[in-house]
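*Asks:* fold the following.
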Amino acid sequence: MTRPELATVATDAFARIHGGAADGLWSSPGRVNLIGEHTDYNEGFVFPFAIDRHTVVAARLRDDRLVRVSSGLRDGVEEISIDDLAPDALGGWSAYALGVLWAAGQFGAELSEVRGLDLHVESDVPLGAGLSSSAALEGAVAVAIDELWQLGLDRRTLARIGRLAENEAVGAPTGIMDQSAVLLGQRDSGVLLDCRSLESTIVPLSFEAQGLAVLVVDTRVEHAHANGGYADRRASCERGAAGLGVSSLRAVSVDDLARAEQVLDEETFRRVRHIVTENARVLAVVDALRDSGPRSIGPLLAESHASMRDDFEISVPELDLAVSTAVAAGAIGSRMTGGGFGGAAIALVERDDLASISQSIHEAFASAGFTEPATFEVLPSQGAARV
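*Replies:* Numbering: from 1, shown residues only. From the prediction side, this is the model:
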């Protein structure tokens, strides 16, 4: 569905559910992480880009203190007073949206002085696919309230608000990569983000100019960041940093890995090795794009996937099959993307090969007896904005 089509659906649904017209519509993209997985909460480097799949929020100010939020993906309307917003009062899908309102208050918004809101959400960002449907929702709500409540916040602050909402209101221990990508993204470019300083650099990808495409393979294996392996991996990284006597793994270089292997237990060392080498790969990809162009980054994407599969152990058989099949069918490079334990893989391919590589992946999944994947192209796109 195109963004204008989503906007029409959101407009009509808002009128039906909330009555009358919205004051405006705001949209935020999902994101693909080209490289840099699980490095964000270790104060490392990430290199995502915003995609042309969006969440659209139709919003209208109320004359009271209520917030009412609905979604095209859920029945019913969630309702809460602004005065009652708190992490322990929120739950379910609406915690992503309502958590942003609460988190804005933690960054200086005078919630005692703002009016209530009616919100309706529509999205074509696949859920649970590693394309950050959560950050897309947070980004759309953030830019909406920034305008409607006249907060005057910059994009980096809005990203921090989204991260706080996800960490505290939702309970997912994620870093700031996803929110930064959806709020700072630009067309045919990636966002190199230093997750320690929060400095960002827009780096041209030149995929369009070079006749390349990014194929997403949604394995249909859903993951959930608020529980399970994601939190375990973060805890492993914290143990590794403590064992090495540093505040975060950002302080550990590739040259330090020999000592780390002597100090840490075998599993924690492998977790640390992934983070340290992944940070190096992010910077190497950026250098390669600048010096040699996008066709030169394939080996680095392959190394990243192997590290996630073997050292960080966050891949699943469906992701491994998608990656190996894409490369065998002619992809320049391929890797899983997102937090892992399901979700999506990406492949950088010649545009002319897009259909044949996609077909090869569908055939491989059928032969393996896996659920049929969803495959589609994404374009590096602009970040969150009013529609």
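
*Asks:* R281 contacts I35, correct?
*Replies:* Yes: counting by Cβ atoms under 8 Å, R281 touches I35, with 5.8 Å between them. C-beta coordinates here come from the backbone N, C-alpha and C atoms, glycine included.

*Asks:* what sits in contact with each of the two?
*Replies:* Counting by Cβ atoms under 8 Å, 6 or more residues apart in numbering, the contacts common to R281 and I35 are L300, S304.

*Asks:* how far off centre is the top helix by length along the chain?
*Replies:* With secondary structure taken from DSSP state H, the chain has its longest helix at helix 266-291. What separates the centre of helix 266-291 from the centre of its chain is 19 Å, taken as Cα atoms, centre = their mean, to the nearest Å.

*Asks:* after that helix, next one along is what?
*Replies:* helix 298-310 (DSSP states H and E).

*Asks:* quick one, that following helix and helix 266-291 angle?
*Replies:* Orientation check (axes from the mean of the first three to the mean of the last three Cα atoms, to 10 degrees): helix 298-310 against helix 266-291 gives 160 degrees.

*Asks:* buried residues, helix 298-310. List them.
*Replies:* G298, L300, L301, A302, E303, S304, H305, S307, M308, R309 (16 or more other Cβ atoms under 10 Å).

*Asks:* do stretch 76-93 as well
*Replies:* E78, I80, I82, L85, P87, L90, W93.

*Asks:* from A165, how far off is I361?
*Replies:* Distance, I361 to A165, using Cβ to Cβ, to the nearest Å: 35 Å.

*Asks:* mind checking how far I161 is from S180?
*Replies:* 12 Å.

*Asks:* could you do S334 as well?
*Replies:* Here S334 is placed at a distance of 24 Å from S180 (Cβ to Cβ).

*Asks:* one step back: out of the buried residues of stretch 76-93, list just those in strands.
*Replies:* Secondary structure from DSSP state E places E78, I80 of the buried residues of stretch 76-93 in strands.

*Asks:* okay, the buried residues of stretch 76-93 in TSV with distance to R271 next?
*Replies:* Compiled in TSV, those are given as follows (distance: Cβ to Cβ, whole Å):
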residue	distance to R271
E78	37
I80	39
I82	41
L85	36
P87	28
L90	31
W93	31
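
*Asks:* which pair of the buried residues of stretch 76-93 spans the longest distance?
*Replies:* I82 and W93 (19.2 Å; Cβ to Cβ).

*Asks:* beta partners for the nearest residue to A89 once chain neighbours are set aside?
*Replies:* Using Cβ to Cβ, 6 or more residues apart in numbering and skipping the chain neighbours, the partner closest in space to A89 is I80 (6.8 Å). For I80, the beta-bridge partners are V67 (DSSP bridges).

*Asks:* hmm, I80 is touching L98, no?
*Replies:* Yes: counting by Cβ under 8 Å, I80 touches L98, with 6.3 Å between them.

*Asks:* how far does the top strand by length along the chain sit from the chain's center?
*Replies:* Using DSSP E, we find that the single longest strand of the chain is strand 45-61. Distance of strand 45-61 from the chain centroid (Cα atoms, centre = their mean) equals 9 Å.

*Asks:* tell me what angle that strand forms with helix 266-291.
*Replies:* 80 degrees.

*Asks:* mind listing what's buried in strand 45-61?
*Replies:* Neighbour-count burial for strand 45-61 [16+ other Cβ under 10 Å]: 45-60.

*Asks:* do the same with stretch 96-109
*Replies:* Buried, per 16+ other Cβ under 10 Å, within stretch 96-109: Y96, A97, L98, G99, V100, L101, W102, A103, A104, G105, A109.

*Asks:* elements contacting the host helix or strand of the fifth one?
*Replies:* Using DSSP H and E, the secondary-structure element containing V100 is helix 94-106. In terms of contacts (3 or more Cβ pairs under 8 Å, 6 or more residues apart in numbering; DSSP states H and E), helix 94-106 is packed against strand 66-71, strand 77-81, strand 117-123, helix 133-148, helix 155-164.

*Asks:* which of these is buried the deepest?
*Replies:* helix 133-148 (a mean of 28; mean count of other Cβ atoms under 10 Å).

*Asks:* other SSEs contacting that one?
*Replies:* By 3+ Cβ pairs under 8 Å, 6+ apart, helix 133-148 packs against strand 24-35, strand 45-61, helix 94-106, strand 117-123, helix 155-164, helix 177-184, strand 385-386.

*Asks:* out of the ones you listed, nearest to V69?
*Replies:* V69 sits nearest to strand 117-123 of all the helices and strands packed on helix 133-148, at 4.4 Å, using Cβ to Cβ.

*Asks:* F107 against A159, yeah?
*Replies:* No: judged on Cβ under 8 Å, F107 makes no contact with A159 at a distance of 10.7 Å.

*Asks:* need the contact list for P48.
*Replies:* Per Cβ under 8 Å, 6+ apart, neighbours of P48: 31-34, 36, 177-178, 180-181, 185, 190-191, 193.

*Asks:* if we use 6 Å, what do you get?
*Replies:* By Cβ atoms under 6 Å, 6 or more residues apart in numbering, the contact set of P48 is R31, N33, M177, A181, V191.
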